[in-house]
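Student: Mind looking at a prediction? Sequence and model below.
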Amino acid sequence: MSSVHSLSTMVHKRECLFKIIVIGDISTGKTSLIQRFIHNSMSGNYKPTLGVDFATKLVQFEDTLVRLQFWDISDKFFPRESCQERFANMTRVYYRDSHGAIVVYDCKRSDTLTGAYRWKKDLDSKLILDNGQPIPAILVANKCDLENSLNTEMLDDYARQGAFRAGFKLSAKTGEGIESAMDFLLRSVVSAERDGLYFMPMLQRDQNLHRLSAQELEQKKKRMSRKNYFQNACC
């Protein structure tokens, strides 16, 4: 049974904000996947994302009210040889502070699986957890409602090859598999957050989430060091 519940039937004790990036090659169904999860609907008239689209969904996970903030990143920002440095910096900006990632490929197009590996490699080179491991990321084989030969064993092998936490077959058109994929990713993100593995610690203050940047943390350490120095000097 999924751990993601209706907000109207649950009581939450704490709140969290998690940034989830959704990446992959063009026309793999990234935007449709997000819309299916958030609105339980899908339009056949989506235009390719030109920059970055944002969407938010509130879900209940155990005793926590979670605000999932999805960043739908356009394929045009993927680093290419012709403009490697410029686009490498752009993806680094969009990846920053992410807690988890959904990497999407079209199960009917093998070239998009290769693309998914490239996206994952780029992500891992720019964003890691405090223990040096990649942030939680899942491989999603979209459009499984169409006839294809992909089976669970093959997908598990693809996920292992790309160093993903897991692989999921799903359909943005029918909604098949989406809840399971989101539940798995959310569990992984919550586990990493509770273990203190994110560089950006999340603190609960009067029901509002406050996130300290690495620069703020370093400044705080310096202030504490100066304070301790003067306290010791006065003794």
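Tutor: Yep, it's here.
Student: separation between Lys143 and Val66?
Tutor: For Lys143, the distance to Val66 (Cβ to Cβ, to the nearest Å) stands at 27 Å. Just so you know, the C-beta spots here come from the backbone N, C-alpha and C atoms, and that holds for glycine as well.
Student: So if I had to pick from these two, which one is more boxed in?
Tutor: Legend: neighbour count by other Cβ atoms under 10 Å for Lys143 and Val66, higher for Lys143 (24 against 20).
Student: The more buried one and Lys173 touch, don't they?
Tutor: Yes - assessed by Cβ atoms under 8 Å, Lys143 is found in contact with Lys173 at 7.3 Å.
Student: Straight-line length of stretch 55-68, end to end?
Tutor: Stretch 55-68 has an end-to-end distance of 8 Å (criterion: Cα to Cα, to the nearest Å).
Student: what do you get for stretch 158-172?
Tutor: First-to-last residue span, stretch 158-172, Cα to Cα: 20 Å.
Student: From the rest of the structure, what touches it?
Tutor: The contact list for stretch 158-172 (Cβ atoms under 8 Å, 6 or more residues apart in numbering) reads 29, 32-33, 35-36, 42, 103, 107, 113, 116-117, 120, 124, 134, 136-145, 150, 152, 155-156, 176-178, 180-181, 184-185, 188.
Student: What subset of the residues you listed is buried?
Tutor: Among those, those classed as buried by 16 or more other Cβ atoms under 10 Å are 29, 32-33, 35-36, 42, 103, 107, 113, 116-117, 120, 124, 134, 136-145, 150, 155, 177-178, 181, 184-185, 188.
Student: Next step: the contacts of stretch 158-172 restricted to helices.
Tutor: Judged by DSSP state H, the contacts of stretch 158-172 include 32-33, 35-36, 113, 116-117, 120, 124, 152, 155-156, 178, 180-181, 184-185, 188 as members of helices.
Student: SS state for Cys16?
Tutor: Under DSSP: H, G, I helix; E, B strand; the rest coil, Cys16 falls in the strand class.
Student: Need the nearest residue in space to it, chain neighbours excluded.
Tutor: In this structure, Cys16 finds its nearest non-sequential neighbour in Val66, 5.2 Å apart by Cβ to Cβ, 6 or more residues apart in numbering.
Student: helices and strands around the helix or strand containing the one you found, which ones?
Tutor: Assigned by DSSP states H and E, Val66 falls within strand 64-73. Here strand 64-73 touches strand 14-24, helix 30-39, strand 52-61, helix 84-95, helix 178-194, going by 3 or more Cβ pairs under 8 Å, 6 or more residues apart in numbering; DSSP states H and E.
Student: Columns mean pLDDT and distance to Gly162 on top of those, output as a markdown table?
Tutor: Shown next, in a markdown table, are the helices and strands packed on strand 64-73 (pLDDT from 0 to 100; distance: least, Cβ to Cβ, whole Å):
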| stretch | mean pLDDT | distance to Gly162 |
| --- | --- | --- |
| strand 14-24 | 94 | 12 |
| helix 30-39 | 94 | 17 |
| strand 52-61 | 91 | 23 |
| helix 84-95 | 71 | 16 |
| helix 178-194 | 96 | 15 |
